[in-house]
Structure formats: structure tokens, C-alpha cells
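Participant: 3D model of this:
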Amino acid sequence: MLKAVIVDDEIAAIDSLEILLNNCKQDIIVAGKASNIDDAHRTISNINPDVVFLDIEMPNGSGFDLLDRIDNINFDIIFITAFNQYAIKAFKYAAVDYILKPVDINTLSNAIERIDSSKAQNNPDKLSILQESIENEKPQRIALSTQDSIEIVYTDDIIQFEAEGNYTKVYTLNNKPIVVSRSIKEYEELLTTPSFFRCHKSHLINFKHIKKVYKNQNYIEMVDNNLAYISRRKKNEFFEAINVFLAQ
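Facilitator: As a prediction, the model looks like this:
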């Protein structure tokens, strides 16, 4: 049985989440509850939970303040947040699990299902990226979840994303390609800076790492000598976008 702790400054939110957890199909029990970071720190230390459902914004300190006080985060974290859709990008940059308020029981159940297969959740770099992303509209790093590990890369070091069925291959400077089980469309929606451009259904490139553009052949050679193709539909938009980028 999984032991859970709920941390939220709203008592009604704690009670509501507890009811939902009691009705989930998974074998999970609420072993502790806290409405501020001092109580939460004591509760987590005493209970040693398997998972903590953590609100981020609280009156006497954030969820990050709580995590900073814990020497060994040996539990899974599922953030419960009322952030708007724009701020949700922060969670995607960090590849951490989150649930939007009001909590839906199916979403909650799916998050619990992922606990056993996501022990890399506790990677401190992921939490650092999440905090960085919330505080900064243009995060410098991104967490890429592979089958075996969490790869932390600087967005400026990404050369291109290439779609491979339900997977995406990420090419970075001085590294082997990283294969992640997320669609290229997710990264297109996430990386909305002027340097990234979806030039083809299979290619999302970083303008910073173009080596050569072959106008007549409709493809691009990147700095690592790999190619990216320009679709006919995107050709005019591509040249407009690269001109804007180069003019910066």
C-alpha cells in the first residue's frame, strides 16, 4: 500500500483530495496532512511517505521552500496546482507530474499509476528546472525523460527534434541523440522562442545551429551534418522566420 501525504493551505482542498484518493482504484492511503510547510516538514519526516501531493503557492512559503528543507527526497512528488495553462509549460519543461485544480479522479488515478514506473521523479535537477521555469518565462534548461534516465540539457544546445512514430529523437551538441516518448508537437508547443521552428511534420529545428540551407532541394544541413527537411507548405514561412531571427 502506498502512503500519501497531502500538503495544501486550503483545508477544503485537502479534504476533497482525500475523498478522491479513497475512491481511486489504487491501493493508497492518506497517512498525513498539512496546511503549512512547518507542519508538512514534520509530517513527512515522521511518516516517510511514498508520495506527497504538494501545492506550490502557500501563504507562509512555497512547495519549493518545503523541498529545500528535506535532505533526502525519497518519495514521489505530484504537484497540485491552480496555475493557468501558460504556467503549465513550467511543468512540461521539468517533466514532473502535476494535476490541475479542480482535481479529476481519472487524472489523479493516472498520476498514481505512473508512480511505480517513474522513480526518476525525485531527480533534484528536475525540481530545479521547475522552479527556474516558473520564475522565468524563457527557461534555460529542459528535462528529457528517456526509458532509462532523465537527461538535462540546455535549450540552446538542442540542434533539432526529429519525429519517429510516437517517439521523438533529440539531437544536441556533443551528445548522441536522445530518444523520448513524447510527440514532436509537444515540443513545438513548449519551445515557442524565435530560435525554434517546425519546418516539417518530422523536424523542429533550432535556427542557431543551421549550417546550410539548400533552397532548391528544400532541406537544411545542421551543424552536426544531419539533415532537416522543409515542407512546401512551410517554405515561405521558414524564410520569413529565419530572416526575423537573423535580424535580431
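Participant: tell me the pLDDT at residue 142?
Facilitator: Residue 142 is assigned 93 on the pLDDT scale.
Participant: go on, residue 118?
Facilitator: If you check residue 118, the pLDDT there is 53.
Participant: and for residue 27?
Facilitator: At residue 27, the pLDDT value in this model is 91.
Participant: could you shift the numbering so residue one becomes 80, and keep it that way?
Facilitator: Sounds good: first residue 80 from here, last item residue 106.
Participant: and the gap between the nearest residue to it once chain neighbours are set aside and residue 111?
Facilitator: Counting by CB to CB, 6 or more residues apart in numbering, residue 80 is the residue found nearest to residue 106 once chain neighbours are left out, at 4.7 Å. (Each C-beta comes from the backbone N, C-alpha and C, glycine too.) Separation of residue 80 from residue 111 (CB to CB, to the nearest Å): 14 Å.
Participant: try residue 177
Facilitator: Remark: distance between residue 177 and residue 111 (CB to CB) = 21 Å.
Participant: neighbour count winner among residue 80 and residue 111?
Facilitator: Under the criterion of other CB atoms under 10 Å, the comparison of residue 80 against residue 111 puts residue 111 first, with 19 against 9.
Participant: tell me the domain boundaries of this protein?
Facilitator: Structural domains annotated on the chain: 81-214, 232-325, as defined by automatic domain parsing.
Participant: is it possible to get a markdown table of those that adds distance to residue 223?
Facilitator: Rendered in a markdown table, the data for the domains of the chain read as follows (distance: least, CB to CB, whole Å):
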| stretch | distance to residue 223 |
| --- | --- |
| domain 81-214 | 7 |
| domain 232-325 | 5 |
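Participant: lowest average confidence across those, which one?
Facilitator: Of all the domains of the chain, domain 81-214 has the smallest average pLDDT, which comes to a mean of 86.
Participant: what about the residue nearest to residue 247 when sequence neighbours are not counted, how many residues nearby?
Facilitator: Among residues not flanking residue 247 along the chain, residue 263 sits closest, at 4.9 Å (CB to CB, 6+ apart). Residue crowding around residue 263 was assessed by other CB under 10 Å; the count is 23.
Participant: check which residues of the helix or strand containing residue 266 are buried.
Facilitator: With secondary structure defined by DSSP states H and E, residue 266 is part of helix 263-269. Residues of helix 263-269 classed as buried under the neighbour-count rule (16 or more other CB atoms under 10 Å) are 263, 266, 269.
Participant: ok, now which ones touch the first one?
Facilitator: The neighbourhood of residue 263, defined by CB atoms under 8 Å, 6 or more residues apart in numbering, consists of 240, 241, 242, 247, 277, 280, 281, 282, 283.
Participant: and residue 314, how far from residue 219?
Facilitator: Using CB to CB, residue 314 is found at 31 Å from residue 219.
Participant: residue 91 too?
Facilitator: According to CB to CB, residue 91 and residue 219 sit 37 Å apart.
Participant: out of those two, which sits in the busier spot?
Facilitator: Set residue 91 next to residue 219 and count neighbours by other CB under 10 Å: residue 219 wins out with 12 against 8.
Participant: for burial, what's the neighbour tally of the residue nearest to that one when sequence neighbours are not counted?
Facilitator: Beyond its immediate neighbours in the sequence, the residue positioned closest to residue 219 (CB to CB, 6+ apart) is residue 233, lying 5.9 Å away. Using other CB under 10 Å, residue 233 has 12 neighbouring residues.
Participant: picking up where we left off before, so how far is residue 105 from the residue nearest to residue 106?
Facilitator: 9 Å.
Participant: name the SS class of the residue of the chain most remote from its centre, please.
Facilitator: Relative to the C-alpha centroid of the chain, counting by CA atoms, centre = their mean, residue 295 is the outermost residue, at 37.8 Å. Here residue 295 takes the coil state, with states given by DSSP: H, G, I helix; E, B strand; the rest coil.
Participant: how near is it to residue 150?
Facilitator: As defined by CB to CB, residue 295 lies at a distance of 60 Å from residue 150.
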